[in-house]
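from the sequence below, what's the structure:
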Amino acid sequence: MKDKAIEEIRQVRREISKQSNHDIKQLVKHYQELEKKHKDRMLKNPHHSTDTR
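All right, here's what the predicted structure looks like:
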């Protein structure tokens, strides 16, 4: 049984990859731009601390 949400996510990822001609450098750039644009939506890494105590 396929999960409809997972299939939708995979389809979107395939489309994004296709739009960048499956070029990994373009894909990384695309996702980095999204990170900057939606900074407020990003989760903080609990294992990466900036605490210098």
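
and the most centrally placed residue in the chain, what's its pLDDT?
Nearest to the mean C-alpha position of the chain, by C-alpha atoms, centre = their mean, lies Y31 at 5.2 Å. As predicted, Y31 sits at a pLDDT of 93.

so which bits of the helix or strand containing it are buried?
Per DSSP states H and E: Y31 is located in helix 24-37. By 16 or more other C-beta atoms under 10 Å, the buried positions in helix 24-37 come out as L27. Placement of C-beta: from N, CA and C, glycine included.

tell me what it is packed against?
Helix 24-37 is packed against helix 4-19, with contacts defined by 3 or more C-beta pairs under 8 Å, 6 or more residues apart in numbering; DSSP states H and E.

okay, the angle between the helix it packs on and helix 24-37?
120 degrees (axes from the mean of the first three to the mean of the last three C-alpha atoms, to 10 degrees).

report the mean per-residue pLDDT for helix 4-19.
In this model, helix 4-19 carries a mean pLDDT of 96.

next one: it to chain centre, how far?
Relative to the chain's own centre, helix 4-19 is displaced by 12 Å; criterion: C-alpha atoms, centre = their mean, to the nearest Å.

need the residues that contact it.
L27, H30 (C-beta atoms under 8 Å, 6 or more residues apart in numbering).

switch to numbering from 35
Let's use 35 as the start, then, which means that last one is helix 38-53.

can you list the buried residues in that helix?
Across helix 38-53, burial judged by 16+ other C-beta under 10 Å covers no residue at all.

give me the contacts around the helix holding Y65.
So helix 58-71 is contacted by I50, S51, S54, M76 (C-beta under 8 Å, 6+ apart).

equivalent analysis for stretch 72-81, please.
E69.

now it: average pLDDT?
82.

endpoint to endpoint, that stretch covers what distance?
End-to-end distance of stretch 72-81 (C-alpha to C-alpha, to the nearest Å): 21 Å.

swap in stretch 47-59?
15 Å.

chain center to that stretch: distance?
Put simply, stretch 47-59 sits 12 Å off its chain's centre (C-alpha atoms, centre = their mean).

with stretch 51-69 instead?
Centre-to-centre, stretch 51-69 and its host chain are 9 Å apart (C-alpha atoms, centre = their mean).

alright, calling it a day.
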